Every structure is written in C-alpha cells, then in structure tokens.
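K.L.:
predicted model, plus sequence, below.
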Amino acid sequence: MNLSSEQMERVNSFIHDEWVDESESRTESNLNELLDSVESPYEFDLMLREFNWGCGIAGIDAIIKHPKTDPATKLRAFWMAGPGYFCRYELEADIDEYELSQWHAIKFLQKYALSGLIQKSQIHFDPANDEEGYDWTMQFKTEELKLSKQGKQSFYQIPNELYQAI
C-alpha cells in the first residue's frame with residue numbers, strides 16, 4: 001500500500017486529530033471535509049490502523065459509514081475494538097455501567113462489519129493472522145475458556161463469518 005504524500009498528509013491529519021475544533025459543528029464539518037477528500041480505501045485503512053483507540057471511537061464511526069471504506073477495514077475496526085472482552089460475561093446485564101458505551105460501540109462496529117461482507121474487498125484482512133502476524137481473535141478464545149472452566153457460557157457469541165479472512 002503505497003500512498004502519495006498528499007494521501008499521507010490526510011492520514012496524518014486524521015490520526016493527529018487536526019480536524020478537531022472547539023466547536024462541535026466545526027469539528028464535524030472538518031471531519032466530513034477531510035474524509036470526503038480521501039481518494040483510496042487504503043487511506044481509510046491506514047487511518048484506522050494508526051488511530052488512537054484510547055480516545056473512544058469518535059471519527060472511526062464516520063470512517064466505517066463512509067461509502068469508500070473497504071469491507072476489510074470494517075472487519076479490522078470490529079476486531080481492533082476488542083469484542084472478545086465482552087465474552088467474559090455470562091449475561092449482558094453483567095456488563096458494568098462504565099463499559100456500556102464500549103459495548104454499544106462493539107455492536108455498532110459488528111453491524112457494519114457484517115454488512116460489509118457482501119461487498120467486494122480491495123484490501124486483505126485476516127483477523128486470526130493480520131499482516132503483522134497478530135491474532136485478533138485470541139481474546140475471545142481466552143475469555144470464552146475462562147467461563148467454560150466455570151461451567152458457564154458467554155451471552156455474546158461473535159458471528160462465525162467475522163472470523164473469516166477477507
């Protein structure tokens with residue numbers, strides 16, 4: 001994935017939050033303007049890969065909804081958000097209140113990852129073995145194993161199709 005200097009400028013502008021303003025409406029306008037200037041789905045993929053997830057998913061939601069976003073990027077976003085974490089709970093009601101916003105973000109990302117599977121992908125992503133050899137699915141397997149050792153089962157089952165490489 002070779003991006004031009006202009007494309008890298010856009011990626012860096014996104015990941016360094018240069019689109020954020022004190023005004024919420026100006027922030028939204030800046031983000032839309034930046035994303036509308038994107039020329040390649042590879043830009044979105046790199047934006048996602050370099051994104052600071054510690055700040056929540058503000059900005060990521062706009063990428064996920066953008067028509068130029070590749071299905072592999074949507075799938076990558078789902079796994080990068082750490083859905084396996086919620087497999088530690090036997091019941092949805094067991095999720096702590098402070099974790100609910102993350103849980104809702106996971107469900108949002110899952111919806112878009114699933115909807116992207118019917119589209120043709122230009123980018124490759126394997127959640128069990130990404131380009132750096134990382135297995136994003138391991139967290140689910142680890143959390144599920146903890147519950148099964150207690151004779152329990154998680155309420156949250158990640159759909160099988162989200163384990164498949166695109």
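P.N.:
In hand now; what should we look at? In this text, all values refer to a predicted model and were calculated from it rather than measured experimentally.
K.L.:
low pLDDT regions in this structure?
P.N.:
Confidence mapping of the chain against pLDDT under 70 gives the ranges 1, 54-56.
K.L.:
longest helix anywhere in it?
P.N.:
Of all the segments of type helix in the chain, defined by DSSP state H, the longest one is helix 100-116.
K.L.:
so which residue is dead centre in the chain?
P.N.:
For the chain, the residue sitting closest to the mean C-alpha position, by Cα atoms, centre = their mean, is Ala77 at 1.6 Å.
K.L.:
so how far is the helix or strand where it lies off the chain centroid?
P.N.:
Element membership of Ala77 [criterion: DSSP states H and E] is helix 71-80. How far helix 71-80 lies from its chain's middle: 5 Å, per Cα atoms, centre = their mean, to the nearest Å.
K.L.:
could you check the angle that helix makes with helix 100-116?
P.N.:
Put simply, helix 71-80 runs at 150 degrees to helix 100-116, going by axes from the mean of the first three to the mean of the last three Cα atoms, to 10 degrees.
K.L.:
and helix 71-80, what does it pack against?
P.N.:
Contacts defined by 3 or more Cβ pairs under 8 Å, 6 or more residues apart in numbering; DSSP states H and E place helix 71-80 against helix 41-50, helix 60-65, helix 100-116. Yep, even glycine has a C-beta here, placed from its N, CA and C like the rest.
K.L.:
contacts for it?
P.N.:
Here helix 71-80 makes contact (Cβ atoms under 8 Å, 6 or more residues apart in numbering) with 41, 44-45, 48-49, 53, 60, 63-64, 106, 109-110, 112-113, 115-117, 119-125, 127, 130, 136-137, 162, 166.
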